[in-house]
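Colleague: Next one to model:
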Amino acid sequence: MLISTDAAVLKFDPNNAVETNVRLTPQIRCFEADDGSRDYYAAFVLPQMGVRYTLSVGAAPEDVSLLAPQILLMDDQGTVTRHMTAPQFLFRGNQLTALIQPRPNETRMIVMSDHTLVGQTTTRILQLITRTSTSFVVGKAIFAGQSQTGTEAQVESTFSFVGPVTIGTVPVPAAS
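Modeller: Here you go, the predicted structure:
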C-alpha cells in the first residue's frame, strides 16, 4: 500500500489559509505498481481538528512542463476513499487545481504523478488584464478616467512525472 510511515502532517491554522509546498522528483518517494509503472508521490496526514476546511491541491507549470497530478484520499487503514485525476482538476490562474472538502473518515492524502498522462499535452488560454487610472487638471476642471486593456495567449504544457505542488488548507467559517 502507498501509506508512508513518514507522512508529513499537513499544516493547518483554524483561522487562516496555510500553504505547504512540495516538489515531486525522482529523489522523493517512488511507487511501483504490479505492472511495473512508476509514479513519484508525497504522503500527508490530514488535519483532524474538528474544524471543516477545504484542501486546494495545485500543480504549476514550469516552462512547457506540468506535473500530471492525481490525489488519493484514504482512511486510517489505508483504504482509498476517493481518487482524483487530472481531468477532475481545473486551471485556477496558472495552477491546475483540485478543491476538496475532506470527509470525516479521510485522514491521509497521497499526491502523486500520473504515469498514464505523462507525455500528453494540455492547452489553456491565459489572460492578462491591465487597468490604468488617469486624472489631470485643466484650468479649474478635473478629468479622471480609467482604461482597461487585455491580451490572451494560448499556452500548451506537456504532462510530466515531476513538478511543484502547492497544497492549501483553508478553514470553512462556521455558519452563523
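
Colleague: Start and end of stretch 57-73, how far apart?
Modeller: One end of stretch 57-73 to the other measures 12 Å (CA to CA, to the nearest Å).

Colleague: So which bits of it are buried?
Modeller: Burial within stretch 57-73, assessed by neighbour count using 16 or more other CB atoms under 10 Å, is assigned to 57-61, 66-73. Just so you know, the C-beta spots here come from the backbone N, C-alpha and C atoms, and that holds for glycine as well.

Colleague: Next step: these restricted to strands.
Modeller: Judged by DSSP state E, the subset of these located in strands is V57, G58, A59, L66, L67, P69, Q70, I71, L72, L73.

Colleague: thinking again about what came up before, which two in the buried residues of stretch 57-73 are spaced the farthest apart?
Modeller: When the buried residues of stretch 57-73 are compared pair by pair using CB to CB, the two farthest from each other are P61 and L73, 24.6 Å apart.

Colleague: surely T158 meets L66?
Modeller: Yes - T158 lies in contact with L66 (CB atoms under 8 Å); the separation is 6.9 Å.

Colleague: check contacts around the residue positioned nearest the centre of the chain.
Modeller: Relative to the mean C-alpha position of the chain, the nearest C-alpha, by CA atoms, centre = their mean, is the one of G58, at 1.1 Å. Contacts for G58 (CB atoms under 8 Å, 6 or more residues apart in numbering) come out as R92, Q95, L96, T97, A98, V165, T166, I167, G168.

Colleague: So for the closest residue to V18 other than its chain neighbours, what's the pLDDT?
Modeller: Leaving aside its chain neighbours, V18 sits nearest to K11 (4.6 Å; criterion: CB to CB, 6 or more residues apart in numbering). You'll see K11 listed with a pLDDT of 90.

Colleague: just T5 next, same as before
Modeller: In this model, T5 is scored at 57, pLDDT.

Colleague: can you check M1 too?
Modeller: Note for M1: predicted pLDDT of 49.

Colleague: Repeat that for P164.
Modeller: The model reports P164 with a pLDDT of 96.

Colleague: Would you mind confirming that it is in contact with E62?
Modeller: Yes - with contact defined as CB under 8 Å, P164 and E62 form a contacting pair (7.1 Å).

Colleague: What are the buried residues along stretch 40-49?
Modeller: Of the residues in stretch 40-49, those scored as buried under the neighbour-count criterion (16+ other CB under 10 Å) are Y40, Y41, A42, A43, F44, L46, P47.

Colleague: Parallel or antiparallel, list what pairs with the stretch of helix or strand the fourth one belongs to.
Modeller: Using DSSP states H and E, A43 sits within strand 38-45. Its sheet considered, strand 38-45 pairs with strand 8-9 (parallel), strand 29-32 (antiparallel), strand 108-113 (antiparallel) by DSSP bridges.
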